[in-house]
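# build me a model from this:
(one chain, ligands or ions: 1)
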Amino acid sequence: MKLLKLFISIITSVLLFANVSLAEKWDMALAYGAGNFHSANATEFAKNVTEKSGGKLTIVTHPGGSLFKGGEIFRAVRTGQAPIGERFMSALGKEDPLYEIDSLPFLASSYDDAMKLYEASKPYIVKSLDEKGLVFLYAVPWPAQGLYSKKQIKKVGDLNGLKFRAYNSATIRIAELTGMAPTKIEAAEISQAFSTGAVESMITSPTTGKNSKIWENGVKYFYDIAAWFPKNMIIANKAAWNKLDKATQDLVMNQAAIAEEKGWELSKQGNTGDKKALADAGMEVGEVNSALKKHFEKVGATMSEEWKAKAGDRGAAVLSAYK
Ligand code: PCA
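Numbering: from 1, shown residues only. This next block holds a predicted model:
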């Protein structure tokens, strides 16, 4: 009898221990506000994984940079301070120029091309992340990037000297090549930067303009140049990943694929809906004239050459797979 009791107690502790070690909780770092479609989509992904994992993995999202700011998320996930997070891929050019491919102006200026470019670059990006101890889960583009300005832009010279809000090296380079004065500012600080007069123009999606109620900060013009479709990517720390059993890893990957498809769809909806929202709020939404368009295309061509020189053989391989 004594032996039986001992046996039961050992089995119970082993089971309890096993249960504890199998139940993981992941805090997910998101840079953009809770109302943004990327954050909403990630929250849905987290909820689905949590519900379907049978208690093995709980993912809790922290939008709006509340756990880590956008600029800190890549390192936080890499070092395991956050097991999972979302990062704007093309801000990571210093880590690997391949991550910048979706911010090269006019390389892909439709959703179909953006998807082709994604497919061509994905194997290299997944491998590069893997080498840094990261597991790639999914990526979703922002709507087409357009030019916002407080002043009307009628000719190339109107860009000269404009205080320009940049979000990565590519947008800084565009500013340099068009005579604007760039300052890097996180999406969360856009409204403040425009209202204080720190900046007066930027290139970003209709979504980010809408989310920051940009019309309330003196910005009157949106030029739909559809220059590129930059992506956010969701990455996990590999050590955290390796703690999950195979079934849970499969579940996460399946839900990631579902979230990716939904995210692209939401992005497409935002690409039309959010432009309409800018117009409804009283902004002038239109195109740039052909001289300006040519000017931006020239800038894009210069940047492509510069990028090719940085990205070497892997860059060339992606571009030839894309074309
Ligand atoms: N919004 C983000 C990145 C690209 C976009 O459309 C931003 O402006 O920071």
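# just so I have it, where are all the helices in this structure?
Here the chain has its helices, by DSSP state H, at 2-22, 37-52, 70-78, 111-131, 169-178, 190-195, 206-211, 238-242, 246-280, 290-322.
# quick check: residues of the chain near the ligand?
88, 142, 167, 187, 204-205, 207-208, 230 (CB under 6 Å from any ligand atom). Any C-beta I mention is one placed from the backbone N, CA and C, and that applies to glycine too.
# might you list the low-confidence residue ranges for this structure?
1-21 (pLDDT under 70).
# report the closest residue of the stretch 1-150 of the chain relative to the ligand.
residue 142 (3.4 Å; CB to the nearest ligand atom).
# what's the nearest residue to residue 202 if we skip its chain neighbours?
Sequence neighbours aside, residue 165 is the residue nearest to residue 202 in space, at 3.8 Å (criterion: CB to CB, 6 or more residues apart in numbering).
# quick one: contacts for the one you found?
Listed by CB atoms under 8 Å, 6 or more residues apart in numbering, the contact set of residue 165 reads 182-183, 185, 190, 193-194, 199, 201-202, 204.
# that older thread, burial measure for the residue of the stretch 1-150 of the chain closest to the ligand, as a count.
26 (other CB atoms under 10 Å).
# where's it relative to residue 260, distance?
14 Å (CB to CB, to the nearest Å).
# from the contacts of residue 165, which is closest to the ligand?
Closest to the ligand, out of all of the contacts of residue 165 and judged by CB to the nearest ligand atom, is residue 204, at 3.6 Å.
# and for the closest residue to the closest one other than its chain neighbours, the neighbour number?
With sequence-adjacent residues excluded and distances taken as CB to CB, 6+ apart, residue 204 is closest to residue 145, at 6.0 Å. Residues lying near residue 145 (other CB under 10 Å) number 26.
# measure the residue of the stretch 201-323 of the chain at minimum distance from the ligand to residue 218 for me?
Relative to the ligand, the nearest point of the stretch 201-323 of the chain is residue 205 (3.1 Å; CB to the nearest ligand atom). Plainly put, residue 205 is 19 Å away from residue 218 if you go by CB to CB.
# which of those two has more neighbours?
residue 205 (22 against 12).
# residue contacts, that one?
142-146, 270-271, 274.
# phi, psi for it please.
phi -80, psi 160 (degrees, to the nearest 10).
# tell me how far it lies from residue 62.
22 Å.
# kindly report the same for residue 81.
From residue 81 to residue 62 the distance is 12 Å (CB to CB).
# now do residue 313
38 Å.
# show me which of the two is the more surrounded one.
residue 62 (17 against 7).
# who does the more buried one bridge with?
residue 29 (DSSP bridges).
# you'd agree it is up against residue 27?
Yes. In this structure, residue 62 is within contact of residue 27 by CB atoms under 8 Å, at 6.1 Å.
# neighbouring contacts of stretch 61-72?
27-34, 36, 39, 42-43, 46, 76, 81-82, 85, 87-88, 91, 186-188.
# so which bits of that stretch are buried?
Neighbour counts over stretch 61-72 (16 or more other CB atoms under 10 Å) mark 61-65, 67-68, 70, 72 as buried.
# which residues touch the spatially most central residue of the chain?
For the chain, residue 232 is the residue whose C-alpha lies nearest the centre (CA atoms, centre = their mean; 1.7 Å). Shown in contact with residue 232 (CB under 8 Å, 6+ apart): 32, 38, 86-89, 139-140, 142.
# please repeat the previous calculation with a cut-off of 7 Å.
Residues near residue 232 by CB atoms under 7 Å, 6 or more residues apart in numbering: 38, 86-89, 139-140.
# now those residues as a markdown table including neighbour count and distance to residue 161?
Listed next are these as a markdown table, based on neighbours: other CB atoms under 10 Å; distance: CB to CB, whole Å:
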| residue | neighbour count | distance to residue 161 |
| --- | --- | --- |
| 38 | 25 | 33 |
| 86 | 28 | 34 |
| 87 | 27 | 32 |
| 88 | 25 | 27 |
| 89 | 27 | 30 |
| 139 | 21 | 35 |
| 140 | 24 | 35 |
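# good, we can wrap up now.
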